[in-house]
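**Student:** pasted the sequence and its predicted model underneath.
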Amino acid sequence: YFSIPLEEAKKIKEEKGFIKNRKNMELFFMLMSTVAALKDEINKFLRHLRDERNASPHTLRNYESDLDQFWHYLTPTAGKDPALAKIDHLLLREYIAHLHDARLEKSSIARKLASIRSFFKFCVREGILKQNPARLVATPKLPKRIPSVLSAEEINSFLDSLARGELSKSAEDSDQPRHH
């Protein structure tokens, strides 16, 4: 999960002398509370998945990775993190376009969008947001995969091997006599 709580960030900034006057301090606290609010809600969501939904470690890792990437997109080094309520479907579409530009597979983009949708659905259920902005973002169309099939020669070869009794030892072991 995200590692630095808001109070600790404030303390570090004060101790290191990054804030020179009260006006800058108030601005810093305002920005940090916005950043922390999004991080805090993501962490609450991840805890919810772990503790209440009993999600597997693999699932948690994927959700955390997807939401962390989204958070980093929203908080470039020179910019500020938008308030959770300010994230709309247009910003989400912009993020999806960014993922396309980064040449991610459509299936990966769809999974990241599913993680984001789940996060915002959680925020609505918890009363943090009134509406889920991800509901208006279309999932990328995934290509339909045609199943691979055996060629006529492969089928004939398989059937010939069956007729000759060339079953593998494991296949023979699993055969149980049938009683009619």
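**Tutor:** On my side now, so go ahead.
**Student:** contacts and neighbour counts: CA atoms only from here.
**Tutor:** OK.
**Student:** now L60: how far from E41?
**Tutor:** In this view, L60 and E41 are 15 Å apart by CA to CA, to the nearest Å.
**Student:** same check, this time on V137
**Tutor:** Counting by CA to CA, the gap from V137 to E41 is 21 Å.
**Student:** tell me how many other residues crowd K44.
**Tutor:** 16 (other CA atoms under 10 Å).
**Student:** over to P76?
**Tutor:** With other CA under 10 Å as criterion, P76 counts 10.
**Student:** same question, L162
**Tutor:** L162: 12 neighbours (other CA under 10 Å).
**Student:** that one is in what secondary structure piece?
**Tutor:** helix 152-163 (DSSP states H and E).
**Student:** got the CA coordinates for that helix in PDB?
**Tutor:** C-alpha atoms of helix 152-163 as PDB (Å, rounded to 0.1, in the frame of the first residue of the first chain):
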ATOM      1  CA  ALA A 152      -7.800 -33.500 -40.600                       C
ATOM      2  CA  GLU A 153      -4.400 -35.100 -40.700                       C
ATOM      3  CA  GLU A 154      -3.900 -34.600 -36.900                       C
ATOM      4  CA  ILE A 155      -7.400 -36.100 -36.200                       C
ATOM      5  CA  ASN A 156      -6.600 -39.100 -38.500                       C
ATOM      6  CA  SER A 157      -3.200 -39.600 -36.800                       C
ATOM      7  CA  PHE A 158      -4.800 -39.500 -33.400                       C
ATOM      8  CA  LEU A 159      -7.600 -41.900 -34.300                       C
ATOM      9  CA  ASP A 160      -5.000 -44.300 -36.000                       C
ATOM     10  CA  SER A 161      -2.900 -44.300 -32.700                       C
ATOM     11  CA  LEU A 162      -6.100 -45.100 -30.800                       C
ATOM     12  CA  ALA A 163      -6.900 -48.000 -33.100                       C
END
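**Student:** so which residues of this protein form helices?
**Tutor:** Along the chain, the segments classed as helices by DSSP state H run 6-15, 22-51, 57-74, 89-101, 106-125, 152-163, 169-174.
**Student:** so which of the ones you listed gets nearest I146?
**Tutor:** The closest of these to I146 is helix 106-125. By CA to CA, the value is 15.9 Å.
**Student:** what residues sit buried inside that closest one?
**Tutor:** 106, 109-123 (16 or more other CA atoms under 10 Å).
**Student:** just stretch 85-102 next, same as before
**Tutor:** Buried, per 16+ other CA under 10 Å, within stretch 85-102: I87, D88, H89, L92, R93, Y95, I96, L99.
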